[in-house]
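Engineer: return atomic coordinates for the entry below.
(one chain, ligands or ions: 1)
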Amino acid sequence: MPRGVSDSPEALAALLAEADHAVVLTGAGISTESGIPDFRSAGGLWETYDPMKVASMNTFMDDPALFWRFHRPRIDMLGAVDPNPAHEAVAELQRRGIVKAIITQNIDRLHSRAGAVDVIEVHGSLDGGRCIRCSHAVSMDELCARSDAADDGVPRCNCGFQLKSGVVLFGEQLPMEAIEAAYDAAERADVMLVIGSSLQVTPVSQLPGIVLSRGGRLAILTESETDYDHRCTVRIHQKAGPTMTAVLAALPG
Ligand code: NAD
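Structural biologist: Take a look at the predicted model:
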């Protein structure tokens, strides 16, 4: 641990308590304790699938049956898990007014299910679907029912074109409103707490740099190393759930 960098939950609690505008940024690692594999850890999705292929707009358009063979079971898996103590702690920090914004790269909706509000979902989410030809919107239940009823597993709109969930695919534009909200939150943050992200995916990987360039401070709670580690005020290489529980316990009620 570089000199001057703290690694305790108490130091993280103190940093958050001092902040006027703390912002949380999360990645797949906050959800691994709920049972959802991340991309880059050992045993993560990257080892089994090439997400750039199965989760790409090209596959969606060129081989929809392959696309839905990967996605349909994943939707069920994501629906069957629950938020863990880290999601619950983030929601509690927001309720207490300590955290002013929550930005996530995750599509699993676990922050919202833990009680967080106005979550900025920069990669979209599994909250319904839409026809990309006629824009007809459907609920996630409807999308799954249409996939299950189809011989090839491909959910189709009444207009005949295939439906797409709200998850942003590789090769697709990110939702502009969410990206603008994420940049705005980073510009206003005097503390950014990153939980469970390798910070390798742009544009999210740029957000900690924005905070630092404006004089803000950075805390990272992620098991593996990141490019920002040497610029942190607090750097904790531990599991998100127990650490965030300890952070809450260290904050005055
Ligand atoms: P990543 O897989 O690149 O990195 C995850 C990081 O979290 C790693 O550094 C890992 O060491 C760490 N980690 C894993 N378990 C942890 C734990 N219990 N406590 C603390 N740290 C832990 O994830 P990323 O940075 O979010 O980027 C990958 C992309 O994958 C994102 O675009 C995201 O949309 C997508 N993704 C989302 C989900 C989800 O919605 N749950 C799951 C897989 C991938």
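Engineer: look up the closest residue to Ala89, ignoring the ones flanking it.
Structural biologist: Met244 (3.6 Å; Cβ to Cβ, 6 or more residues apart in numbering). Placement of C-beta: from N, CA and C, glycine included.
Engineer: kindly report the same for Cys157.
Structural biologist: Cys157 sits nearest to Cys131 (Cβ to Cβ, 6+ apart), 3.6 Å away.
Engineer: need the residues of the chain near the ligand, please.
Structural biologist: Residues of the chain that fall close to the ligand, judged by Cβ under 6 Å from any ligand atom: 27-29, 31-33, 36, 38-41, 44-45, 105-108, 123, 196-198, 200-201, 222-224, 239-240.
Engineer: whichever of these end up buried, select them in PyMOL.
Structural biologist: Here is the PyMOL selection string for the buried members of those, based on 16 or more other Cβ atoms under 10 Å:
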select buried, resi 27+28+29+31+32+33+36+38+39+40+41+44+45+105+106+107+108+123+196+197+198+222+239+240
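Engineer: circling back to that earlier point, is the residue nearest to Cys157 bridged to anything, and to what?
Structural biologist: Leu163 (DSSP bridges).
Engineer: pLDDT score for it?
Structural biologist: Here, the pLDDT recorded for Cys131 equals 95.
Engineer: distance of it from Thr245?
Structural biologist: Using Cβ to Cβ, to the nearest Å, Cys131 is found at 43 Å from Thr245.
Engineer: cool, Ala80 as well?
Structural biologist: Taking Cβ to Cβ, one finds Ala80 at 23 Å from Thr245.
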